[in-house]
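Q: sequence? don't have it. structure:
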């Protein structure tokens, strides 16, 4: 199952559990960019107010925050 998050501004993202990745949508070009890879069953995501994506990695029971610049960290 793929999880999708979208905002009125045109930003958002999707998870690809079979690929173990999270993707962000560029609102200007409408292109998808991989922002996280090598995740164990990413099953959910949400975009934070600051534009960061929070990705749920169900296979490892972790939450990752991915900043707009690409910096990534585990938050839970």
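A: On my side now, so go ahead. From a predicted model like this one, the values you see are computed outputs, not experimental measurements.
Q: hmm, residue 35 is touching residue 70, no?
A: Yes - assessed by C-beta atoms under 8 Å, residue 35 is found in contact with residue 70 at 6.5 Å. Bear in mind the C-beta positions are built from the backbone N, C-alpha and C, glycine included.
Q: more crowded one of these two?
A: Neighbour count, other C-beta atoms under 10 Å: between residue 35 and residue 70, residue 35 has more, with 20 against 10.
Q: check contacts around that one.
A: The neighbourhood of residue 35, defined by C-beta atoms under 8 Å, 6 or more residues apart in numbering, consists of 13, 22, 23, 24, 53, 66, 70, 72.
Q: repeat for residue 65
A: Residues near residue 65 by C-beta under 8 Å, 6+ apart: 48, 52, 53, 54, 72, 73, 75.
Q: now it: phi and psi?
A: Here is the backbone geometry of residue 65 (degrees, to the nearest 10): phi -110, psi 130.
Q: from residue 47, how far out is it?
A: 11 Å (C-beta to C-beta, to the nearest Å).
Q: now do the shared contacts for the two.
A: Shared contacts of residue 65 and residue 47, defined by C-beta under 8 Å, 6+ apart, comprise 53, 54.
Q: check the gap between the closest residue to residue 23 other than its chain neighbours and residue 66 for me.
A: Nearest residue to residue 23 in three dimensions, chain neighbours excluded: residue 32, at 4.5 Å (C-beta to C-beta, 6 or more residues apart in numbering). For residue 32, the distance to residue 66 equals 14 Å [C-beta to C-beta].
Q: which one's more surrounded, the two?
A: The neighbour comparison of residue 32 against residue 66 (other C-beta under 10 Å) goes to residue 66, with 22 against 15.
Q: many thanks, we can stop here.
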